[in-house]
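Trainee: Structure here, sequence nowhere to be found:
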């Protein structure tokens, strides 16, 4: 039992976790910290004791990018050191003044996101959407089982948990109409996703082989890819989603290093037909991470990151297979993660069967994503990715 | 006739132009300059004389973003001051040592691009593509005349002119096959586009009205959105272009401030049906800028930026109409700019009628985009956006 912090029985922030984030207290400038129990370890403050052997100026930045760019050799060692110090408190340089109550801190967007890519890698989600909007008999398009379908999203509108989300206005084609109107969406939805943060630059023109892709993944977070289904539906042919998605996406404040999930590795679903050689992997590249969505504190979905048909290393190998480069701070999201049963669907589009059995989000609703692997003192989680819906702005006359 | 520089009769870099870029000479760090005739004005060097009243540290950065972020009040005044000094040389602070021969300079990517959006705003291009791949009788999709269709592109792989472009490898579905193969593209194409650089941050949740959008446009550049048509074709449903585009896009090294094109304003094509109120503009928002594409020094297309159906201010108003924010350094490209006749088509896809009347790009080909408004001492242009095709990397066994 530590005197420095308290880890509640259902806390995401055990000693097995130690995720990185960016926080401030009062008028302090945002800087890097590690969540532990009910506290945040102030890394620049701890660094002043001289315990770290890297350039600790990166810990005073308002984002994790420069710290991450030091490479896993540095970031993993720093985390392991902190883990040891928090465990064996007698010989530890960590002092009470290095720890801040989490409830007193303001959490900031932890990553200055470079490029954001959204995949579409849950076969249950892709099948559900295809069944609703295309052919129920051929719900998956021909390319889906051959490659991890993805598209580029908008980085500027990625916000940290607890940032309110304003209901977007846009062009919508009313049922039976031949011309669109401009009005607030009435099909505002969430999408339950996970995201990974790229931790290493690759070189333009040089693909990252699938068996090296893990080196490029710094850590994981929760991600809500808010969607306006009516705006999306009218605009998305032929070039894909745009204003139906890019008004906001919510990221959890804590980025959990990939290695914290090492004991939660699992196999993905079988891939049929066999994938092309550049996507072939050995070993286990899915992760057993329980995910939940609540709307106004009522759980509406229980899903799991293990359901992903395409793994993160396959996504990254595919993304770079044409020579496209990735950079530290790029964010790649999974796409909506649905399971096989309606209580595991990751969007209201699916849960309500496109609005037939329930409604989309209303003003004032609060949507929270949570997720964790393991239990008790082995639990590794993210906190929350939460957003509250503000009413649309009035239109100009 | 200036003693400091020589403006050749067909130079893009007259006193009426004065575009901004980033350059280095020998081992100097990249910094900000202005192209004039055969020279580059070294702005940090000139700034050392104390002639500027803004924080000139921004001129020593390896990108224009921080300079642009000072706002048009500063950047336009600086350009006007330089224009005066270069005209009236007797009382000018500009000395010969402030000017560098352009041929001795290395030009760098002038913008640290935040988000990159690609529109699809040429009605001739959209019609040509729709005719080839969908229904010749209904080439334009229903949404096309109601909104400027666009999608998010990849910022990391935007490169400056003269960067070689490696032929991408990817999944391709051979004609008649039921499963894809992984091989180099054999339908490598260019796309003749213009790009504008965002010069002012907007606020998330707050649309930029169309009649204020011009304030957010810093300047223009040439842009080649290289495309692998076979990769694109297999991957693009339902979420749009991805690896068929994101292996490289080439930007001209010089960003011409929007005000330099003020006397080349013109009306766009009539918009039928009438656009929704948030897209309605008064005045002239198209620009008469002659554009050319050459492949291995042979001109293959002559087009014009004036052909755009959707103007830049409409693109920007639409992009932010849902609350999506824009930031300094965002890049928005026009989409391929085609005219009505085959000799004005902006891609080989259109010029060769999808490969039927000619071939796509072969290894070693050099593609150059050029563009300018006006003639003689009023000519305002961009230099070139050039790329040479390298052969594909060998596949791993």
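Mentor: Structure's in. What do you need? From a predicted model like this one, the values you see are computed outputs, not experimental measurements. Residues are numbered from 1 along each chain as shown, chains lettered A, B, ... in the order given.
Trainee: Using the three-state scheme, assign residue A:253.
Mentor: Classification of residue A:253 using DSSP: H, G, I helix; E, B strand; the rest coil returns coil.
Trainee: let me fix that: residue A:124
Mentor: With three-state DSSP as the basis, residue A:124 sits in helix.
Trainee: Look up how far residue A:353 lies from it.
Mentor: 14 Å (Cβ to Cβ, to the nearest Å). Quick note: C-beta positions are derived from backbone N, CA and C, even for glycine.
Trainee: who's more crowded, those two?
Mentor: residue A:124 (22 against 15; other Cβ atoms under 10 Å in any protein chain shown).
Trainee: what are the phi and psi values for the closest residue to that one other than its chain neighbours?
Mentor: Nearest non-adjacent residue to residue A:124, counting by Cβ to Cβ, 6 or more residues apart in numbering or on different chains: residue A:338, 4.1 Å away. With angles defined as degrees, to the nearest 10, residue A:338 sits at phi -110, psi 150.
Trainee: Based on its surroundings, how many neighbours for residue A:338?
Mentor: Applying other Cβ under 10 Å, I find that residue A:338 has 26 neighbouring residues.
Trainee: wait, doesn't it sit right on residue A:121?
Mentor: No: the pair residue A:338 / residue A:121 is not scored as a contact, 10.8 Å apart, by Cβ atoms under 8 Å.
Trainee: In contact with residue A:220, which residues?
Mentor: Residue A:220 sits next to A:194-197, A:255-256, A:258, A:261, A:287, A:289, A:382 when contact means Cβ atoms under 8 Å, 6 or more residues apart in numbering or on different chains.
Trainee: before we move on, the earlier item: ok, the residue nearest to residue A:124 to chain B distance?
Mentor: 16 Å (Cβ to the nearest Cβ, to the nearest Å).
Trainee: which residues are contacting stretch A:5-19?
Mentor: In contact with stretch A:5-19 (Cβ under 8 Å, 6+ apart) are residues A:34-39, A:79, A:82-83, A:86-87, A:99, A:219, A:254-257, A:260, A:370, A:372, A:374, A:376-383.
Trainee: Could you list which of those residues belong to helices?
Mentor: For the contacts of stretch A:5-19, the ones inside helices are A:79, A:82-83, A:86-87, with DSSP state H as the criterion.
Trainee: how about CSV for these, with distance to chain B and neighbour count added?
Mentor: Shown next, in CSV, are the ones in helices among the contacts of stretch A:5-19 (distance: Cβ to the nearest Cβ, whole Å; neighbours: other Cβ atoms under 10 Å in any protein chain shown):
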residue, distance to chain B, neighbour count
A:79, 27, 19
A:82, 31, 22
A:83, 33, 17
A:86, 36, 21
A:87, 39, 10
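Trainee: biggest strand in chain A by residues?
Mentor: Counting by DSSP state E, the longest strand found in chain A is strand A:380-390.
Trainee: excluding its backbone neighbours, what's nearest residue A:314?
Mentor: Nearest non-adjacent residue to residue A:314 (Cβ to Cβ, 6+ apart): residue A:279, at 5.1 Å.
Trainee: Assess the claim that that neighbour and residue A:316 are in contact.
Mentor: No: between residue A:279 and residue A:316 there is no contact under Cβ under 8 Å: 10.6 Å.
Trainee: so what sits against both of those two?
Mentor: With Cβ under 8 Å, 6+ apart, residue A:279 and residue A:316 have common neighbours residue A:210.
Trainee: which one of those two has more residues nearby?
Mentor: residue A:316 (28 against 22).
Trainee: returning to what we had before: would you mind checking which of the ones in helices among the contacts of stretch A:5-19 is nearest to residue B:162?
Mentor: residue A:79 (42.5 Å; Cβ to Cβ).
Trainee: what comes up buried for the helix-or-strand element of chain A with minimal mean pLDDT?
Mentor: For chain A, scoring each helix and strand by mean pLDDT, DSSP states H and E identifies helix A:123-133 as the least confident one, at a mean of 95. Residues of helix A:123-133 classed as buried by neighbour count (16 or more other Cβ atoms under 10 Å in any protein chain shown): A:123-131.
Trainee: ok, and what's touching the helix or strand just after that helix?
Mentor: Moving toward the C-terminus from helix A:123-133, the next helix or strand (DSSP states H and E) is strand A:150-152. With Cβ under 8 Å, 6+ apart as the test, strand A:150-152 has contacts from A:115-121, A:240-241, A:315, A:318-319, A:332, A:335, B:151-154, B:239-242, B:246.
Trainee: out of those, which are inside helices?
Mentor: A:315, A:318-319.
Trainee: Kindly reformat these as TSV and extend each row with distance to residue B:358.
Mentor: What follows is those, written out as TSV (distance: Cβ to Cβ, whole Å):
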residue	distance to residue B:358
A:315	36
A:318	31
A:319	32
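Trainee: sorry, back to before: show me how to select, in ChimeraX, the buried members of the contacts of residue A:220.
Mentor: Entered in ChimeraX, the line below selects the buried ones among these, by 16+ other Cβ under 10 Å:
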select /A:194,195,196,197,255,256,258,261,287,289,382
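Trainee: Throw the contacts of residue A:220 into a markdown table and include distance to residue B:67, thanks.
Mentor: Formatted as a markdown table, the contacts of residue A:220 follow (distance: Cβ to Cβ, whole Å):
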| residue | distance to residue B:67 |
| --- | --- |
| A:194 | 38 |
| A:195 | 33 |
| A:196 | 34 |
| A:197 | 30 |
| A:255 | 32 |
| A:256 | 38 |
| A:258 | 38 |
| A:261 | 43 |
| A:287 | 44 |
| A:289 | 44 |
| A:382 | 39 |
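Trainee: of the contacts of residue A:220, closest to residue B:310?
Mentor: The closest of these, once distances to residue B:310 are taken by Cβ to Cβ, is residue A:195, at 32.2 Å.
Trainee: from memory that closest one sits against residue A:331, does it?
Mentor: Yes: under the criterion of Cβ under 8 Å, residue A:195 makes contact with residue A:331 at 5.2 Å.
Trainee: list the residues that contact both of the two?
Mentor: Contact with both residue A:195 and residue A:331 is made by residues A:223, A:251, according to Cβ under 8 Å, 6+ apart.
Trainee: circling back to that earlier point, is it possible to mark the buried ones in the contacts of stretch A:5-19?
Mentor: Among the contacts of stretch A:5-19, those classed as buried by 16+ other Cβ under 10 Å are A:34-37, A:39, A:79, A:82-83, A:86, A:99, A:219, A:254-257, A:260, A:370, A:372, A:374, A:379-383.
Trainee: can you pull the contacts of residue A:348?
Mentor: Per Cβ under 8 Å, 6+ apart, neighbours of residue A:348: A:189-190, A:300, A:358-361.
Trainee: Of all residues in the stretch 201-350 of chain A, which one is closest to chain B?
Mentor: residue A:240 (2.4 Å; Cβ to the nearest Cβ).
Trainee: how many neighbours does that residue have?
Mentor: Look at residue A:240: counted by other Cβ under 10 Å, it has 26 neighbours.
Trainee: And residue A:42, by the same measure?
Mentor: Quick note: residue A:42 (other Cβ under 10 Å) scores 23 neighbours.
Trainee: and the gap between it and residue A:81?
Mentor: 15 Å.
Trainee: Just the pLDDT at residue A:135, thanks.
Mentor: Residue A:135 is assigned 87 on the pLDDT scale.
Trainee: Please tell me how far it sits from chain B.
Mentor: Distance from residue A:135 to chain B, counting by Cβ to the nearest Cβ: 12 Å.
Trainee: okay, now residue A:136: neighbour count?
Mentor: 9.
Trainee: cool, residue A:75 as well?
Mentor: Residues near residue A:75, counting by other Cβ under 10 Å: 22.
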